[in-house]
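Novice: can you look at this prediction? I've put the sequence above it.
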Amino acid sequence: MSDIEKTVLDCIDKMGKSGGIGEVTHIIASASNKINWGKLSDYALKMESTSLLQRFGYLADRAGVKIPQKFRRKIHSKLSKNTRSFLASPRIFGKKAMFNSDWQLLVNVPDSEILSEI
């Protein structure tokens with residue numbers, strides 16, 4: 001059985017099976033008031049996926065979620081300055097991207113799509 005924190009991370013990890021990036025952003029926004037940030041942090045770090053951390057942080061920020069500073073610092077501590085991940089698959093959205101320095105993420109999806117379900 002899954003809980004809300006694991007479900008949110010699984011949706012980010014498997015965006016294509018979760019309704020797409022707009023739906024995933026909506027899920028993050030809708031779940032944000034119910035998230036146990038310590039539990040989410042533990043799950044996210046156990047998954048050992050830098051891109052998952054980057055995507056969660058970026059999408060939560062875009063959705064207007066207030067990420068607690070303790071969680072933000074913990075996640076940022078795991079991001080290397082040399083790590084670059086695409087927000088979404090370059091095979092689907094292409095490689096043309098803007099770089100988000102806060103999350104060390106190559107954003108290759110238009111805002112209109114990211115925020116389409118909010």
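Specialist: Yep, that arrived.

Novice: ok, and for stretch 81-96, which residues are buried?
Specialist: 85, 86, 87, 88, 93 (16 or more other C-beta atoms under 10 Å). No exception for glycine: its C-beta is placed from N, CA and C like everyone else's.

Novice: okay, how far is it across that stretch, tip to tip?
Specialist: 20 Å (C-alpha to C-alpha, to the nearest Å).

Novice: ok, and what's touching that stretch?
Specialist: 15-16, 21, 50-51, 54-55, 58-59, 97, 99, 104-109, 114 (C-beta atoms under 8 Å, 6 or more residues apart in numbering).

Novice: could you point out the longest helix of this protein?
Specialist: If you go by DSSP state H, the chain has its longest helix at helix 50-62.

Novice: next SSE after it?
Specialist: helix 69-76 (DSSP states H and E).

Novice: ok so, going back, hmm, which of the contacts of stretch 81-96 are the buried ones?
Specialist: Among the contacts of stretch 81-96, those classed as buried by 16+ other C-beta under 10 Å are 15, 21, 50-51, 54-55, 58-59, 97, 104-109, 114.

Novice: that's a helix at residue 109, yeah?
Specialist: No: under DSSP: H, G, I helix; E, B strand; the rest coil, residue 109 falls outside any helix and is assigned coil.

Novice: what's near enough to touch the residue nearest to the spatial centre of the chain?
Specialist: Nearest to the centroid of the C-alpha atoms of the chain, with distances taken as C-alpha atoms, centre = their mean, sits residue 56, at 1.6 Å. By C-beta under 8 Å, 6+ apart, the contact set of residue 56 is 8, 9, 12, 28, 44, 75.

Novice: one more time with 6 Å, if that's ok
Specialist: residue 12 (C-beta atoms under 6 Å, 6 or more residues apart in numbering).

Novice: residue 103 in helix, strand or coil?
Specialist: coil.

Novice: got the contact list for residue 59?
Specialist: By C-beta under 6 Å, 6+ apart, the neighbours of residue 59 are 25, 28.

Novice: let's see that with 8 Å instead.
Specialist: Per C-beta under 8 Å, 6+ apart, neighbours of residue 59: 12, 21, 24, 25, 28, 87, 114.
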